[in-house]
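Enquirer: Sequence first, predicted coordinates after that:
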Amino acid sequence: MRASDRFTEITNQNGLYNIQAIDNVPSIMQRGLLSNEKASRIDHVSIAMNEVQVRRDLVQVPNGLKLHQYANLYFDPRNPMLSRKRDQNEDICVLKVDSSILNLKGVILSDRNASSDYAAFYSVEAGLEILDFDLIYARYWTDDNYYEQCRKKSIKCAEALIPYCVSADYIVSAAVVNEVAAERLKLTGFDRQIIIVPGVFF
């Protein structure tokens, strides 16, 4: 069974997601979704948190590349990162990437935010059997226990790491918060389906 088929069998999902500044879409449709290392060489709008990027810059994936050499996708975009960016909702889109990306060679899964000290990294085949998808797709990550909430928050940001670049051919649609954001995205020339889904945002 292909990895993407097993993913769908386990999760009933058919895509992974990238949270992105709308202003970056023209470049992404031309060059693909780039790793941090590659994106740093071109003009782009970063919505990443600096303190997180400093941590990510230090991570070496076991038997793989440096973390910043991977393009990263989330399993669930309605996660703590998007929550932190709620004041920029109209400037952001969530790009949906076809889950067949999981069939590519060299893809790695992290069981939580890949910059976490507690993150574990797996091949796609192994990771699909190990990742806690109940927590990854849970709507909320709050908990009365502070440490448990930190754990849930990190797991919610589990990632698929794609070496160097995700080709724009894998991008199937984009979600935005409202009509204003949809119009902004249309004006970039984005030629895939645009869905207004306020419930994805915060």
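Expert: Now that the structure is in, tell me what you want to look at.
Enquirer: Helix or strand, whichever it is, which one in this structure has the lowest mean pLDDT?
Expert: helix 50-56 (a mean of 69; mean pLDDT, DSSP states H and E).
Enquirer: And the strands in the protein?
Expert: Taking DSSP state E as the criterion, the chain contains strands spanning 15-21, 33-34, 70-74, 92-98, 108-110, 121-123, 159-163, 165-166, 171-176, 193-196.
Enquirer: other SSEs contacting the fifth one?
Expert: This means strand 108-110. Applying 3 or more CB pairs under 8 Å, 6 or more residues apart in numbering; DSSP states H and E, one finds that strand 108-110 contacts strand 121-123, helix 124-130, strand 159-163. Placement of C-beta: from N, CA and C, glycine included.
Enquirer: Low-confidence regions, this protein specifically.
Expert: 48-53 (pLDDT under 70).
Enquirer: Scan it for its longest helix.
Expert: Criterion DSSP state H: the longest helix present in the chain is helix 146-156.
Enquirer: in that one, what's buried?
Expert: By neighbour count on 16 or more other CB atoms under 10 Å, the buried set for helix 146-156 is 151-156.
Enquirer: Of those residues, which is the nearest to S123?
Expert: Nearest to S123 among these: I155, at 18.7 Å, using CB to CB.
Enquirer: residue contacts, I42?
Expert: I42 makes contacts with 27, 31, 34, as judged by CB atoms under 8 Å, 6 or more residues apart in numbering.
Enquirer: Pull out the buried residues from those.
Expert: With neighbours counted by 16+ other CB under 10 Å, the contacts of I42 contain buried members at 27, 31, 34.
Enquirer: With distance to P80 as extra columns, can I get those residues in JSON lines?
Expert: Below are the buried ones among the contacts of I42 laid out as JSON lines (distance: CB to CB, whole Å):
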{"residue": "S27", "distance to P80": "26"}
{"residue": "R31", "distance to P80": "27"}
{"residue": "L34", "distance to P80": "23"}
